[in-house]
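Below: sequence and its predicted model.
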Amino acid sequence: LLLRVVCSPLQNYPLYIRSVPTENELKFHYTVHTSLDVVDEKISAMGKALVDQRELYLGLLYPTEDYKVYGYVTNSKVKFVMVVDSSNTALRDNEIRSMFRKLHNSYTDIMCNPFYNPGDRIQSRAFDNMVNSMMMQVC
């Protein structure tokens, strides 16, 4: 079970949500919005140090009984959130970091598309395929 979200930098509304199985998407909206508050707190706590860092991986935002929530933020303040089942002990921190980097690279490819309007929902087949392949590796 995995959920990835890309959020706009200003309004904190989701640009992309995907979960396995898909019927759980709605269930995670509360978790995602709660985690965005934690991301904002971490960013403000880091302040200027975050701007100077090249590593934008925020790590474990918070664990719940059933899930672990991880965060990543880009230089342009776009937030990525990943929710992983707590029972999945095979995922290590460096693997989560690597998945966030792949997401960031794919997001950058979308932003380079002249037909994509920043702030619109992401509807890229290439991005979908990359996310699906990452989810299949994990699940």
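Received it, and whenever you're ready, just let me know what you need.

Burial check on Val20, number of neighbours?
17 (other C-beta atoms under 10 Å). Any C-beta I mention is one placed from the backbone N, CA and C, and that applies to glycine too.

partners of it in the sheet?
Leu2 (DSSP bridges).

Over to Asn117. Which of the three states is it?
Under DSSP: H, G, I helix; E, B strand; the rest coil, Asn117 falls in the coil class.

Show me which positions of stretch 102-110 end up buried.
Leu103, His104, Ser106, Tyr107, Ile110 (16 or more other C-beta atoms under 10 Å).

swap that for stretch 82-93, please
Met82, Val83, Val84, Leu91.

Could you work out the end-to-end span of it for me?
The straight-line separation of the ends of stretch 82-93 (C-alpha to C-alpha, to the nearest Å) is 12 Å.

go on, stretch 115-126?
OK, stretch 115-126 end separation, C-alpha to C-alpha: 14 Å.

mind checking how far the one helix or strand Asn132 maps to is from the chain centre?
For Asn132, the host element (DSSP states H and E) is helix 125-138. Centre-to-centre, helix 125-138 and its host chain are 13 Å apart (C-alpha atoms, centre = their mean, to the nearest Å).

For it, which outside residues touch it?
2, 4, 16, 18, 20, 84, 88, 91, 99, 102-103, 106-107, 109-110 (C-beta atoms under 8 Å, 6 or more residues apart in numbering).

one more time with 10 Å, if that's ok
Here helix 125-138 makes contact (C-beta atoms under 10 Å, 6 or more residues apart in numbering) with 1-4, 6, 16, 18-20, 82, 84-85, 88, 90-91, 95-96, 98-99, 102-103, 105-107, 109-110, 113, 122, 124.

Now the element after the lowest-mean-pLDDT helix or strand in the chain, going C-ward?
None of the helices or strands of the chain scores lower by mean pLDDT, DSSP states H and E than helix 48-52, at a mean of 55. The helix or strand immediately downstream of helix 48-52 is strand 57-63, counting by DSSP H and E.
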